[in-house]
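K.L.:
task: produce atomic coordinates for the following.
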Amino acid sequence: MENRCAWVGNEPIYISYHDEEWGVPEYDSRALWEKLILDGFQAGLSWITILKKRDNFRAAFAGFDPDVIAGWGETEVERLLQDAGIVRHRGKIEATIGNARAWQVIEAREGFDTFLWNYVDGKPLRNRFKTMAEVPAQTPLSVQISKDLKKAGFRFCGPTIVYAFMQAVGLVNDHEVGCECHDRVAKLAR
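P.N.:
Residues are numbered from 1 along each chain as shown. Prediction:
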């Protein structure tokens, strides 16, 4: 691929992530939850740090099965705090357990995927930014989703984290218009 978003750089893991995952519409409830959790762990760090540890996170967090994680307590928190393969932050680990419980409620009520995709009427928002300098850190919609997630019991899901999440899971297409992925990703929407 010749034309990519400027943020990608030359790191192979970033190139792969950009070309194959970022902005691709995700409709699986569990996968959406995993990505939101990972974006929460990224707070204060670079995304590449999380990306390089993603497989370790998946192993440490039972494949990001929220039904398993919802039953965890202090024993698992202590185990995870000893795991050098992940970001060892007590608040983020405890939030993940609470977020699993909050996910269960939304999933049982309407489906976490439906809950999220309803914000965009089931169709990704398609921006037409020419440069990453034009891309906002948050939007009124990410503020609203953040508020609603927090009201539902989620933590580590502020408006900036939520906007990064929206970009990653294709709720919004923020590939630069000159990026070869911009049109390709748009065609993947349901």
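
K.L.:
going forward, measure contacts between C-alpha atoms and count neighbours the same way
P.N.:
Fine.

K.L.:
these two touch, right, Lys92 and Gln42?
P.N.:
No: Lys92 is beyond contact range of Gln42, at 9.7 Å (criterion: C-alpha atoms under 8 Å).

K.L.:
what's the closest non-adjacent residue to Ile37?
P.N.:
Using C-alpha to C-alpha, 6 or more residues apart in numbering and skipping the chain neighbours, the partner closest in space to Ile37 is Thr96 (6.5 Å).

K.L.:
buried sites along the helix or strand containing that neighbour?
P.N.:
Assigned by DSSP states H and E, Thr96 belongs to helix 90-109. The neighbour-count check on helix 90-109 (16 or more other C-alpha atoms under 10 Å) flags 92-104, 106-107 as buried.

K.L.:
same check, this time on stretch 142-154
P.N.:
If you call a residue buried by 16+ other C-alpha under 10 Å, then stretch 142-154 has these buried ones: 142-143, 145-147, 149-150, 153-154.

K.L.:
and the residues you listed as TSV, adding secondary structure, pLDDT and distance to His18?
P.N.:
Written out in TSV, the entries for these read as follows (DSSP: H, G, I helix; E, B strand; the rest coil; pLDDT from 0 to 100; distance: C-alpha to C-alpha, whole Å):
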residue	secondary structure	pLDDT	distance to His18
Ser142	helix	98	21
Val143	helix	98	25
Ile145	helix	98	24
Ser146	helix	98	24
Lys147	helix	98	28
Leu149	helix	98	26
Lys150	helix	98	28
Gly153	coil	98	31
Phe154	coil	98	27
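
K.L.:
next, give me the two most distant ones among those.
P.N.:
The largest distance within the buried residues of stretch 142-154, taken as C-alpha to C-alpha, falls between Ser142 and Gly153 and amounts to 16.4 Å.

K.L.:
ok, the buried residues of helix 90-109 vs Ala84, which is closest?
P.N.:
Distances from Ala84 to those, taken as C-alpha to C-alpha, are shortest for Ile93 (13.3 Å).

K.L.:
all good on my end, thank you.
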